[in-house]
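**Q** this is a predicted model, with the sequence first.
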Amino acid sequence: MSEQVQALLEAPLEFWRDGLQFARRCEKPDKKEFLKICTAVGTGFVVMGVVGYIVKLIHVPLNHTLVGGA
């Protein structure tokens, strides 16, 4: 029984140690890397917006045609 309690108490401590080790190894991106990430995210937003707009352009007239428009 004591081993189970000890294992239960050890889990949060091990999680904390792993989190600290991860935080110590992380570093902030430099300006070039940051701009590359921003460009990739912005491009993704634009692509998803265009895809959504095209789907909406196809869906609305098709829906009105099939349903008969109200």
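**A** All right, it came through fine. Residues are numbered from 1 along each chain as shown.
**Q** so which strand or helix has the spatially most central residue of the chain?
**A** For the chain, Val41 is the residue whose C-alpha lies nearest the centre (CA atoms, centre = their mean; 10.8 Å). If you go by DSSP states H and E, Val41 is part of helix 31-67.
**Q** same thing with Pro29?
**A** Using DSSP H and E, Pro29 falls outside every helix and strand.
**Q** go ahead and confirm it touches Leu35.
**A** No. Contact criterion CB atoms under 8 Å: Pro29 and Leu35 do not qualify, at 9.1 Å. Yep, even glycine has a C-beta here, placed from its N, CA and C like the rest.
**Q** roughly how far apart are Val55 and Met48?
**A** From Val55 over to Met48 the distance is 11 Å, taken as CB to CB, to the nearest Å.
**Q** ah, wrong one, I meant Lys36
**A** 19 Å.
**Q** next: His64.
**A** The separation that His64 has from Met48, given CB to CB, amounts to 25 Å.
**Q** same question, Val41
**A** 11 Å.
**Q** now do Ala23
**A** 31 Å.
**Q** show me where pLDDT drops low in the chain?
**A** 1, 69-70 (pLDDT under 70).
**Q** let's see that with 90 instead.
**A** 1-12, 60-70 (pLDDT under 90).
**Q** is there a neighbour count for Gly68? I'd like the number.
**A** 7 (other CB atoms under 10 Å).
**Q** returning to what we had before: next one: the helix holding Val41 to chain centre, how far?
**A** 16 Å (CA atoms, centre = their mean, to the nearest Å).
**Q** show me what it is packed up against.
**A** The helices and strands touching helix 31-67, judged by 3 or more CB pairs under 8 Å, 6 or more residues apart in numbering; DSSP states H and E, number zero.
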